[in-house]
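# The amino acid sequence is not available; the structure is as follows:
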């Protein structure tokens, strides 16, 4: 991948989801496990189901997964049938459902990275979509980390 913008998008997505590389960060906490995946692996299904200000970590996580699915659909040049409200309906999860949500989040993230690797240039629409995906995912990472503080995991 020779495109500096695509390299930057990949780097920032990786930091958001996987955490920073080598204890150096562009915008997250610079210690290992600071990304979304490292943050979520410490959360039980029970804790993911605790309501904080009207939402749960499970809902925040599934909404982030849903957003990645929408981004992947657009990169496939498909018009997804969106139901944003449905992406917030999850409240209580058991261990199996919590594991499934996390696995699906990983799958959508991996699909997105593979799609980015196939791009050689970016038009304005794709640029906005990818940058929006970084910002949106980072927002929910921050929300989840604040929710963890509120429930004192």
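Yes, it's here. This structure is a prediction, so every number in the text was calculated from the model and none was measured.
# contacts and neighbour counts: CA atoms only from here.
Will do.
# if I read this right, residue 109 contacts residue 67, doesn't it?
No: at 10.2 Å, residue 109 and residue 67 do not qualify as touching, with contact defined as C-alpha atoms under 8 Å.
# for this structure, which helix is longest?
helix 124-151 (DSSP state H).
# Does anything pack onto it? Which helices or strands?
helix 4-18, helix 57-75 (3 or more C-alpha pairs under 8 Å, 6 or more residues apart in numbering; DSSP states H and E).
# what mean pLDDT does the first one have?
Yep, that's helix 4-18 we're talking about. Here helix 4-18 scores 91 as its mean pLDDT.
# Which positions within the longest helix of the chain qualify as buried?
By neighbour count, and taking 16 or more other C-alpha atoms under 10 Å as the criterion, the buried residues in helix 124-151 are 129-130, 133-134, 137-138, 140-141, 144-145, 147-148.
# tell me the angle it makes with helix 4-18.
On the basis of axes from the mean of the first three to the mean of the last three C-alpha atoms, to 10 degrees, helix 124-151 is oriented at 20 degrees to helix 4-18.
# chain center to helix 124-151: distance?
Taking C-alpha atoms, centre = their mean, to the nearest Å, one finds the center of helix 124-151 at 7 Å from the center of the full chain.
# now do stretch 25-32
Stretch 25-32 sits 16 Å away from the centroid of its parent chain (C-alpha atoms, centre = their mean).
# which residues are contacting it?
12, 15-16, 19-20, 23-24, 34-35, 38 (C-alpha atoms under 8 Å, 6 or more residues apart in numbering).
# Filter those down to the buried ones and express that as a PyMOL selection.
Provided next is the PyMOL selection string for whichever of these are buried by 16+ other C-alpha under 10 Å:
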select buried, resi 12+15+16+19+20+34+35
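# I'd like to know which of the contacts of stretch 25-32 is nearest to residue 119.
Of all the contacts of stretch 25-32, residue 119 sits closest to residue 12, with 16.4 Å by C-alpha to C-alpha.
# Which residue, neighbours along the chain excluded, lies closest to that closest one?
For residue 12, ignoring the flanking residues on the chain, the nearest one in space by C-alpha to C-alpha, 6 or more residues apart in numbering is residue 134 at 6.9 Å.
# Identify the residues contacting the one you found.
9, 12-13, 16.
# Residue 52: how many residues sit nearby?
For residue 52, the neighbour count with other C-alpha atoms under 10 Å is 14.
# now the residue lying closest to it once chain neighbours are set aside: how far from residue 11?
In space, and not counting its chain neighbours, residue 52 is closest to residue 147: 6.4 Å by C-alpha to C-alpha, 6+ apart. Distance of residue 147 to residue 11, given as C-alpha to C-alpha, to the nearest Å: 26 Å.
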